[in-house]
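> Predicted coordinates and the sequence they were generated for:
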Amino acid sequence: MQIAEGLLGADERAMLRLRQLYADSGYRRFRMSKFEHYDLYAQNRDVLVSDRVLTFTDAGGGLKALRPDVTLSIVKAYRDGQTERLQYNETIYRPDAADGEFREIMQSGVELLGSVGTREVCEVLVLAARSLQALGAGYMLTISHMGLLRGALARATADTGLRQELVALTGSKNAGGLAALCAARGIPQDAQERLMLLVQLSGAPGTVLPELRGAGFAGEDIEALDEACEALKAAGFEQHVRLDFSIGTDAAYYGGIVFRGYLAGLPHSVLSGGRYDPLLRRFGKSSGAVGFAVYLDQLERLANGGTTC
């Protein structure tokens, strides 16, 4: 029995379109329970959006949680060494940044785990762009690489606390604060220049990549960005891609290419993802992984003129 799309909410219509897109791209459905053992989140608090988790005690006395994250569950269940292309439609539970109240958030997403190289990363990036295309006419995919910031931080300091401060200022694009901190803490000049460039530089790949190379950035990280942008260009998304190095700041979760997707009319990203090999290492797994999630609750806000219901 088919349900008329007019009877569905914006998030539900989007979920159906994305589910078909991912199935057509060779990603099989991954199903999971709404609950997880709380220990999974207690042991990985630093990779969660918030350390607040809804918990309850089950009939056997065990502490369970309503899932605040999907990828952790997939990584836990994944059999190391196999190549898996997975898609999901799940509800997660997170506190709202504005008022702290927990919200149900509908997510769709894909995860590619196993033998992951340039081809697989580009495959997922193109699928992310196609996801945005399926959601709205005005969209932009922003890309960064964790290695660029990591390299600049290595030149700057070995102090973990200072690195965290530098990362926070980079993520908020606070050039003034970053310059002041570098000066106050005696960060070497070449490291300062690299950090400032990463904060201030963003735009079309054809403009940004030559500027990075001209400033001395080189190696595998730049080449990976170049190949990713070329793959998106070949797929017809050149006008919908920009580089922005403020988004690559979550080193506990990601390593390599990271990206976010935006729709016209919404202030926050509706899609986020990247290569997350470091997360697999936490579980003692040696494979690679790349994926993304689409936050479908944002689409209801768009349907209501950018306001919450």
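Nice, I can see it.

> Mind naming the longest helix for this structure?
Longest helix in the chain, counting residues (DSSP state H): helix 118-135.

> I'd like to know which elements that one is packed against.
helix 10-24, strand 102-114, strand 139-145, helix 220-234, strand 257-263, strand 271-275, strand 288-295 (3 or more CB pairs under 8 Å, 6 or more residues apart in numbering; DSSP states H and E). C-beta: built from backbone N, CA, C; applies to glycine.

> The last one: how far from the chain's middle?
Per CA atoms, centre = their mean, to the nearest Å, the displacement of strand 288-295 from the mean C-alpha position of its chain is 7 Å.

> what do you get for the shortest one?
A distance of 3 Å separates the C-alpha centroid of strand 271-275 from that of its chain, computed with CA atoms, centre = their mean.

> what does stretch 83-101 give?
Worked out by CA atoms, centre = their mean, stretch 83-101 lies 12 Å from the chain centre.

> how about CSV for the helices and strands packed on helix 118-135, with mean pLDDT added?
Shown next, in CSV, are the helices and strands packed on helix 118-135 (pLDDT from 0 to 100):
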stretch, mean pLDDT
helix 10-24, 90
strand 102-114, 93
strand 139-145, 96
helix 220-234, 96
strand 257-263, 95
strand 271-275, 95
strand 288-295, 96
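
> Now distance to residue 41 too, for those, in CSV please.
Formatted as CSV, the helices and strands packed on helix 118-135 follow (distance: least, CB to CB, whole Å):
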stretch, distance to residue 41
helix 10-24, 25
strand 102-114, 14
strand 139-145, 26
helix 220-234, 31
strand 257-263, 22
strand 271-275, 19
strand 288-295, 17
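
> for the stretch 101-250 of the chain, which spans come out with low pLDDT?
In the predicted model, the stretch 101-250 of the chain carries pLDDT under 70 at residues 248-250.

> ok, now which ones touch the residue positioned nearest the centre of the chain?
Residue closest to the average C-alpha location in the chain (CA atoms, centre = their mean): residue 273, at 2.5 Å. Counting by CB atoms under 8 Å, 6 or more residues apart in numbering, residue 273 makes contact with 109, 124, 128, 258, 259, 260, 290, 291, 292, 293.

> So the first one is in contact with residue 292, correct?
Yes. Contact status for residue 109 versus residue 292: in contact at 5.7 Å, counting by CB atoms under 8 Å.

> How about residues contacting stretch 113-125?
Residues outside stretch 113-125 that contact it (CB under 8 Å, 6+ apart) are 74-75, 78, 81-84, 86, 110, 112, 141, 143, 224, 227-228, 231-232, 256-257, 259, 273, 275, 277, 280, 287-292.

> Quick check: buried residues in it?
Buried positions in stretch 113-125, judged by neighbour count with 16 or more other CB atoms under 10 Å: 113, 114, 116, 120, 121, 122, 123, 124, 125.

> Could you do stretch 213-225 as well?
Applying 16+ other CB under 10 Å to stretch 213-225 flags 217, 221, 222, 224, 225 as buried.

> Now do the strand or helix carrying residue 213 against helix 220-234, angle only.
Using DSSP states H and E, residue 213 sits in helix 205-214. Relative orientation of helix 205-214 versus helix 220-234 (axes from the mean of the first three to the mean of the last three CA atoms, to 10 degrees): 170 degrees.

> Quick one: residues contacting residue 151.
194, 217, 221 are the contacts of residue 151 under CB under 8 Å, 6+ apart.

> Secondary structure of it: a helix, I assume?
Yes. With DSSP: H, G, I helix; E, B strand; the rest coil as the criterion, residue 151 is part of a helix.

> Look up how far residue 261 lies from residue 128.
Using CB to CB, to the nearest Å, we find residue 128 at a distance of 6 Å from residue 261.

> Then residue 201?
20 Å.

> What of residue 196?
Distance from residue 196 to residue 261, by CB to CB: 27 Å.
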